[in-house]
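Pasting a predicted model and its sequence here:
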Amino acid sequence: MRLIDSHCHLDFSVFNEDRDTLLALAHQNNVSDIVIPGVTAGTWKDLEQLCAKHRDAKVKLHAAYGLHPMFMSSHKPEDLLMLERQLNRSEAVAVGECGLDFFVESHDKQHQLEYFTAQMDLALHFQLPLIIHSRKSLDLVLKEIRLRPGLRGVIHSFSGSYQQATQLIDLGFYLGFGGPVTYSRANKLRRLVKDLPLEGLLLETDAPDQSDSSHRDQRNQPSWLVDIAKVVAELRGDSLEAVAAMTTKNSCELFGIKNAPQ
């Protein structure tokens, strides 16, 4: 069995003391690959070095580079040019994490949109998928995707409606599900995971955030991806092996990861 964590911030400093230990645990729990999305220009160099260090490791790390909407105060207009240069010279598997976050009303929506659409256009230019963060903004995200035929990617930590989910899958996007789906009160998410085609789903931890229900209030880690996979399998009435196989295939296809046994 092989699992891919399609969204994990393993480059964050909270992992500096025990990152190698956590990667060993991830390997023991059948995690073969981890996609790490960058969030600000200042993180990209260290992220690139981290992934290069683990290029031939048992758990392979794959970098994406982007400008996260929750860090707008850190972004500068020249960061978009820096992003273009980073994508041009590095082995990125995606553009992101980028997107729109309208959860806090005071956030500058127009400023976010300008950075998001610029990153969408870079993804098209470099023929890379997008890793999209969307809160209270999915209709606008859908609108912008439709304006760009051929764009592909994943809506990380999906929390939209069934109708939005099917529209995104029809447009060639995947939907990422993680720790929140393991909570018994997450009725909408659990119905989505049960009813949507497995061919459209990815698994993620979003570590260090969004721990699953069995590790509530603990720092999340990639080895716990298997617990998410078990819940998804149980909700769907599928075997763990079937869920692992299909979601791994999906991640491999989206990010260009080698689909070969460990």
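Noted; the coordinates are in hand.

Buried residues in whichever helix or strand Thr166 is part of, which are they?
For Thr166, the enclosing helix or strand under DSSP states H and E is helix 162-170. For helix 162-170, burial by neighbour count (16 or more other C-beta atoms under 10 Å) applies to Gln164, Ala165, Gln167, Leu168, Ile169. C-beta: built from backbone N, CA, C; applies to glycine.

quick one: the strands in the protein?
3-5, 31-37, 60-65, 94-101, 130-135, 153-155, 173-177, 201-203 (DSSP state E).

Restricting to C-alpha, output stretch 85-101 in CSV.
Output in CSV follows, covering the C-alpha atoms of stretch 85-101 (Å, rounded to 0.1, in the frame of the first residue of the first chain):
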residue,chain,number,x,y,z
ARG,A,85,11.9,32.9,-12.1
GLN,A,86,11.6,30.2,-9.4
LEU,A,87,9.2,28.2,-11.5
ASN,A,88,11.5,28.6,-14.5
ARG,A,89,14.6,27.2,-12.8
SER,A,90,13.3,24.7,-10.3
GLU,A,91,11.6,21.3,-10.3
ALA,A,92,8.2,22.5,-9.1
VAL,A,93,5.3,20.1,-9.2
ALA,A,94,2.7,22.8,-8.8
VAL,A,95,2.0,26.5,-8.3
GLY,A,96,0.7,27.2,-4.8
GLU,A,97,-0.5,27.5,-2.3
CYS,A,98,-2.5,30.4,-3.7
GLY,A,99,-6.1,31.4,-3.8
LEU,A,100,-8.7,33.5,-2.1
ASP,A,101,-9.6,33.7,1.6
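
which stretches of the stretch 101-250 of the chain aren't confidently modelled?
106-107 (pLDDT under 70).

Looking at the buried residues of helix 162-170, spot the one nearest His7.
Nearest to His7 among the buried residues of helix 162-170 is Leu168, at 15.8 Å by C-beta to C-beta.
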